[in-house]
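Participant: How does the following fold in three dimensions:
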Amino acid sequence: MSLRATLLAIAAALAVLPCLGQLRIGVKGGITSSKLHFDKSLFESSNRTGFTGGLQLEFSLPVTGLSLGGSLLYTHRTDAFTNNDQTFSRDYIEVPVHVKYGITIMGLNKVLVPYAFTGPNFSFLLNESKQEQWDNRASNTSWDAGFGVELLGHLRIQASYGLGLTRSFKQIIPDENGNSVHGRDHCWTVTAAYMF
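Facilitator: Numbering: from 1, shown residues only. Got it, this is the predicted structure:
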């Protein structure tokens, strides 16, 4: 799915969903820890920390505790190969779309609401540090799952794991058999958001 198609789908949802429930907007920021996973065991990578930040929208659905949310985030990832100490960075526009379920605790729902969420995350490459050996794909998709807590009706702290569904990059120069190594992103993300 291209960035244009994704943004059009979000715009269409923005036009329709406010009639179904309450709309909230917020600002969000945090850190990511990414590790590359390869389809062949020729390379190894280690976790590296990056950052993310942007806007978040959420629609509370008529079903109690259920909501649909989306974010528009700028994300910077740094990756490292442990076998040759090579590092490189990539910058993305990310559009995660999550279904969230909040657990209401009697008497505490104005103070503390734990929740769980899951859904796809669409990433679009903006910038990269050039590597002779690797070619980054213009877009990729992962699946996120996580949990968090909302405090005092506004502040959210959450953690999630993103499992790469599509390939993020491939080896440009194939081996003697004409085979290339492909890789996917796997990321931990911890964020804080303030919802208005």
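Participant: Dump stretch 27-40 to PDB, keeping only the CA atoms.
Facilitator: Provided in PDB are the C-alpha atoms of stretch 27-40 (Å, rounded to 0.1, in the frame of the first residue of the first chain):
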ATOM      1  CA  VAL A  27       0.800  14.100  20.900                       C
ATOM      2  CA  LYS A  28       3.100  11.000  21.200                       C
ATOM      3  CA  GLY A  29       6.800  10.400  21.600                       C
ATOM      4  CA  GLY A  30       9.100   7.600  22.700                       C
ATOM      5  CA  ILE A  31      12.000   5.300  22.000                       C
ATOM      6  CA  THR A  32      12.400   2.300  19.800                       C
ATOM      7  CA  SER A  33      14.800  -0.600  20.000                       C
ATOM      8  CA  SER A  34      15.100  -2.400  16.700                       C
ATOM      9  CA  LYS A  35      16.800  -5.600  15.600                       C
ATOM     10  CA  LEU A  36      17.100  -7.000  12.100                       C
ATOM     11  CA  HIS A  37      16.100 -10.600  11.400                       C
ATOM     12  CA  PHE A  38      17.500 -12.300   8.300                       C
ATOM     13  CA  ASP A  39      16.200 -15.200   6.200                       C
ATOM     14  CA  LYS A  40      19.700 -16.800   6.200                       C
END
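Participant: What segments of this protein are helices?
Facilitator: Taking DSSP state H as the test, the helices found in the chain are 3-16.
Participant: Show me where it has its strands.
Facilitator: Under the criterion DSSP state E, strands of the chain are mapped to 22-38, 45-46, 48-60, 66-81, 86-102, 112-128, 134-136, 139-151, 155-164, 169-171, 182-195.
Participant: and of those, who's closest to residue 2?
Facilitator: When the strands of the chain are compared for distance to residue 2 using CB to CB, the nearest one is strand 139-151, at 7.2 Å. Backbone N, C-alpha and C define where each C-beta goes, glycine included.
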